[in-house]
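> based on what follows, work out the 3D shape:
(chains A and B)
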Amino acid sequence: MAKKPVNFTLNGDARAAFAEDGQNLLEFLRRGVGDMSPKYGCGQGTCGACTVMIDGETQLSCLVLAEAVDGKEVRTASGLPSPALDPLQVAFMENFAAQCGYCTPGMLVSARALLDRNPRPSREEVIEAISGNLCRCTGYETIIQAILAVAEGRVRA
Amino acid sequence: MATHRGRGFAAINYPIGMNLGGDPSQALVHSNPDGKFTVALSAIDLGQGMKSVTRQIAAETLGVPVEDVYVDTADSDTGPHDMGSFASRGTHRMGNAVIQASNEARSVMLEAAAEELEVDAADLVTDGKGNIHVKGAPSRSITTMAAAQAAQFKQGRTIAGRGIFLIPLSEVDPDTGEMTPVSCFAHAAMLVDVEVDDETGEVAVIDMQSAYEVGRALNPKLVEQQLRGGAWMGMSHAIWETTEPYYPSREHGPEDFNSYLMPGPGDLAPHHISVLERPAPDGPYGGKGPGEMCANPVLPAVVNAVYDAIGVRIDDLPVTPEKVLRGLRAQGGAKPRRML
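Predicted coordinates for the structure are as follows:
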């Protein structure tokens, strides 16, 4: 099986890497490119831990073929501003919106995609936006509060 | 066909730690040449905040800023022995071990400072900001960094301490069955309101009001985080989750997140939490463990609320629509208790 060259943009930087035949984007990002922020949770598109943005749309990277992002823009949680923090990251810390942290990168990507297209979402819209991201520890409330804090301009960042 | 409201109450005691070989935890504390301290533990922070809490405890006992303490839980092969992170034992067991280790390290730190200041170590106090000074004479002072460096490079002292917390194993009295397996209990009480649909059998938790007694809440935000997340999980165990098949054969058991039911962010019930602080006599600065017990009162409270709503007593979790409907059929329809 031939490896396929994939030219894409990762968090604003042009990247080129070879994808194994049939390799999914999650594995490609983690093993091929070294971006460890998307997490492997279920591997079948039901947990949201691997959520990334492709051309601004949230996608489950475990269900996307790596070669499908050729020519596209991929954003992950590690592409949120650094070393300064995205207001969402500040809000997650201030609201104690993480415990084990495994869902956090996926939650941040889903929340960032929401706020990019709708800067002032309602509580219901926040819930809808993260409804594909499972969290075991927090009971979701602190995550919802963190995202609303950013939407309502209550975060200093 | 109607929706019935019900309210259920439950109260629990929850033992902190276990009676396993005495359930010991060890801690080692040492200073580094920059005057900062490392706490070595083998217990693991799973996100519950054990590193944060033991860091606070070490800083408080040592008398140094919390920023100057690093908690290392890297490796149970090389760290001091610990039974582990379970049974809500972390704050209580590890915290006590950290206090003991920190006290020993503190006394060596004060001896090192006393030698530099040419005073008696018993006259020295810490200000919690990185300084050690003579009681009543703040100008006669030395930084913890200078004391640590003097100990390391001049005096040849190790500013270090060992700690263990052990409640000796309680044997069962063969005649009476009596034993004392636990020294510390946390407590909780909860009111849950539910709505039960007598056509579909669905149960929705619509409100939770709780009071949790956790000893002293050493880190109030972490305590609240534990209570909120844990009670949510309790609600989930009450009416959603099970690894057992809902129907008679094993093949119907859940295998993945498509068939393992969990509430999502759209299925939350408002949860009004009161934290009661009654410092535990044998807890580190009075702390107990809020870890597991936060989920426990939700389950009986939900079952009681379902009984209140429709008169069906369910004794097999979770409370699935199927069990509700079978119960309703067996008793000939909903019989709300509050109508009696």
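> and the helices in chain B?
B:50-62, B:95-117, B:144-150, B:220-239, B:298-310, B:321-331 (DSSP state H).
> return the most buried member of these.
Of the helices of chain B, the one with the most neighbours on average (mean count of other Cβ atoms under 10 Å in any protein chain shown) is helix B:298-310, at a mean of 25. (Each C-beta comes from the backbone N, C-alpha and C, glycine too.)
> can you tell if that helix touches chain A?
No - judged by Cβ under 8 Å from any Cβ of the partner chain, helix B:298-310 makes no contact with chain A; its nearest approach is 11.1 Å.
> can you tell me how far residue A:135 is from residue B:12?
Counting by Cβ to Cβ, to the nearest Å, the gap from residue A:135 to residue B:12 is 25 Å.
> hang on, I meant residue B:303
Distance from residue B:303 to residue B:12, by Cβ to Cβ: 13 Å.
> what does residue B:162 give?
According to Cβ to Cβ, residue B:162 and residue B:12 sit 36 Å apart.
> and residue B:292, by the same measure?
Note on residue B:292: its distance to residue B:12, by Cβ to Cβ, is 11 Å.
> of residue A:135 and residue B:12, who's got more company?
A count of neighbours by other Cβ atoms under 10 Å in any protein chain shown puts residue A:135 above the other of residue A:135 and residue B:12, at 27 against 19.
> low-scoring stretches of chain A, by residue?
Residue ranges of chain A with pLDDT under 70: A:1, A:82, A:157.
> show me the domain layout of it.
A:4-79, A:87-151 (automatic domain parsing).
> so for chain B, which of the ones you listed sits nearest?
Distance to chain B, taken as Cβ to the nearest Cβ, is lowest for domain A:87-151 among these, at 2.9 Å.
> span of that closest one from start to end?
This stretch, domain A:87-151, spans 10 Å end to end (Cα to Cα, to the nearest Å).
> can you give me the strands in the stretch 101-250 of chain B?
Assigned by DSSP state E, counting those that start in this stretch, the strands in the stretch 101-250 of chain B fall at B:124-126, B:131-134, B:137-143, B:160-165, B:185-197, B:203-213.
> to chain A, which of the ones you listed lies closest?
It is, among the strands of the stretch 101-250 of chain B and with distance given as Cβ to the nearest Cβ, strand B:203-213, at 10.4 Å.
> skipping its backbone neighbours, what lies nearest the most centrally placed residue in chain A in space?
A centroid search over chain A (Cα atoms, centre = their mean) returns residue A:109, at 3.0 Å, as the residue closest to the centre. Leaving aside its sequence neighbours, residue A:109 sits nearest to residue A:51 (Cβ to Cβ, 6 or more residues apart in numbering or on different chains; 4.7 Å).
> now swap in residue B:240 and tell me
Excluding the flanking residues, the one nearest residue B:240 by Cβ to Cβ, 6+ apart is residue B:261, at 4.6 Å.
> and for residue B:196?
Leaving aside its sequence neighbours, residue B:196 sits nearest to residue B:309 (Cβ to Cβ, 6+ apart; 4.5 Å).
> per-residue pLDDT, that neighbour?
In this model, residue B:309 is scored at 98, pLDDT.
> equivalent analysis for residue B:245, please.
65.
> residues touching residue 145, list them.
Picking chain A for this. With contacts defined as Cβ atoms under 8 Å, 6 or more residues apart in numbering or on different chains, the neighbours of residue A:145 are A:95, A:97.
> ah, no, chain B please
Contact partners of residue B:145, counting by Cβ under 8 Å, 6+ apart, are B:34-36, B:130.
> repeat that for residue A:49.
A:38-42, A:102-103, A:105-106, A:133-134 are the contacts of residue A:49 under Cβ under 8 Å, 6+ apart.
> again with residue B:11
The contact partners of residue B:11, taken as Cβ under 8 Å, 6+ apart, are B:187-190, B:297.
> just checking, residue B:102 touches residue B:64?
No - applying Cβ atoms under 8 Å as the test, residue B:102 and residue B:64 come out as separate, 9.3 Å apart.
> shared neighbours, these two?
Residues touching both residue B:102 and residue B:64 by Cβ under 8 Å, 6+ apart: residue B:37.
> re earlier: need the three-state assignment for the residue nearest to the centre of chain A.
helix (DSSP: H, G, I helix; E, B strand; the rest coil).
> check the gap between whichever residue of the stretch 151-300 of chain B sits closest to chain A and residue B:268 for me.
Nearest residue of the stretch 151-300 of chain B to chain A: residue B:232, at 2.9 Å (Cβ to the nearest Cβ). Distance, residue B:232 to residue B:268, by Cβ to Cβ: 7 Å.
> what's the overlap in contacts for these two?
Common neighbours of residue B:232 and residue B:268, using Cβ under 8 Å, 6+ apart, are A:139-141.
> and the buried ones among the contacts of residue A:49, selectable in ChimeraX?
The ChimeraX command for the buried members of the contacts of residue A:49 (criterion: 16 or more other Cβ atoms under 10 Å in any protein chain shown) is given here:
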select /A:38,39,41,42,102,103,105,106,133,134
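> redo the contacts of residue A:49 as JSON lines? Include secondary structure and distance to chain B.
Output for those, formatted as JSON lines (DSSP: H, G, I helix; E, B strand; the rest coil; distance: Cβ to the nearest Cβ, whole Å):
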{"residue": "A:38", "secondary structure": "coil", "distance to chain B": "17"}
{"residue": "A:39", "secondary structure": "coil", "distance to chain B": "14"}
{"residue": "A:40", "secondary structure": "coil", "distance to chain B": "13"}
{"residue": "A:41", "secondary structure": "coil", "distance to chain B": "8"}
{"residue": "A:42", "secondary structure": "coil", "distance to chain B": "5"}
{"residue": "A:102", "secondary structure": "coil", "distance to chain B": "8"}
{"residue": "A:103", "secondary structure": "coil", "distance to chain B": "11"}
{"residue": "A:105", "secondary structure": "helix", "distance to chain B": "14"}
{"residue": "A:106", "secondary structure": "helix", "distance to chain B": "13"}
{"residue": "A:133", "secondary structure": "coil", "distance to chain B": "8"}
{"residue": "A:134", "secondary structure": "coil", "distance to chain B": "7"}
